[in-house]
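A.B. asks: sequence first, predicted coordinates after that:
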Amino acid sequence: MRNFIMAVIIPFLLLAPALRADEKEALKQQLEKLFESSKKVNTPGEKEKSRREIEGAIDWEGIARLCLGDKNTKKYQGKNFSDFRDLLRQVISKTAFSRMDKFWSGGTKAAIDKVEVTGTQAHLGAKFNSNNETFALDYYLDKKGGRWFIVDVAYEDLKYSVNIKEQIDAFLKEKSFNDLLGKLRKKRDELEKS
């Protein structure tokens, strides 16, 4: 048994930091590729591919769960949750895509300055410089089926999902979940027109 440990496990343990380093580099490259794709989300002939790449890198199920919270996710399982997830994806995507031209057009530069991997979770930090102003965005990812997906983004340490969850919680104190779905549909339709 001791020979097995020496022959198999110890070399693997020595290799583990190298595997993590390779995974960190792959994550960094994945995010950098998404930054490049985001520059083309409104470019004729390239926008559909770029938008698919970005939307495909996001765990919309996970984001919807974070935004609803555990209690509401359990309460609205099934079709209602699926409708919420799909509408949330459409509203977030359309809002983000409509603003990306302005974001990158001023010569915005991005640099990833932090990559942390813990099991199936990762945290990447990026600094952006735009019009001589610097700000930070943090990306939180989960690994599913061998692929990494974005589950949250934070601006200057404020997570996007927390902000949305607070708004949803306040809305649901006064109105129904169906009203929330209606509001999301209306917002999606307004974004499609513009």
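C.D. replies: Yes, it's here.
A.B. asks: hey, let's count contacts and neighbours off CA atoms from now on
C.D. replies: Noted.
A.B. asks: surely residue 28 is in contact with residue 115?
C.D. replies: Yes: the pair residue 28 / residue 115 is scored as a contact, 7.1 Å apart, by C-alpha atoms under 8 Å.
A.B. asks: tell me, what's touching those two both at once?
C.D. replies: residue 124 (C-alpha atoms under 8 Å, 6 or more residues apart in numbering).
A.B. asks: which residue is nearest the centroid of the protein?
C.D. replies: residue 150 (3.2 Å; C-alpha atoms, centre = their mean).
A.B. asks: so which helix or strand takes in it?
C.D. replies: Using DSSP states H and E, residue 150 falls within strand 147-155.
A.B. asks: go on, residue 165?
C.D. replies: helix 160-174.
A.B. asks: now do residue 113
C.D. replies: Here residue 113 is assigned to strand 109-118, by DSSP H and E.
A.B. asks: quick check: buried residues in that strand?
C.D. replies: 110, 112, 115-117 (16 or more other C-alpha atoms under 10 Å).
A.B. asks: out of those, who's nearest residue 131?
C.D. replies: Of all the buried residues of strand 109-118, residue 131 sits closest to residue 110, with 12.4 Å by C-alpha to C-alpha.
A.B. asks: spit out the contact partners of the closest one.
C.D. replies: Contacts of residue 110 (C-alpha under 8 Å, 6+ apart): 126-129.
A.B. asks: 10 Å instead, please
C.D. replies: Applying C-alpha atoms under 10 Å, 6 or more residues apart in numbering to residue 110 gives the contacts 32, 35, 104, 126-130, 134-137.
A.B. asks: same question for residue 113.
C.D. replies: 28, 124-127, 136.
A.B. asks: which of those are buried?
C.D. replies: The neighbour-count test (16+ other C-alpha under 10 Å) marks 28, 124-127, 136 as buried among the contacts of residue 113.
A.B. asks: which stretches in the protein count as helices?
C.D. replies: 2-4, 10-38, 47-56, 60-75, 79-105, 160-174, 177-193 (DSSP state H).
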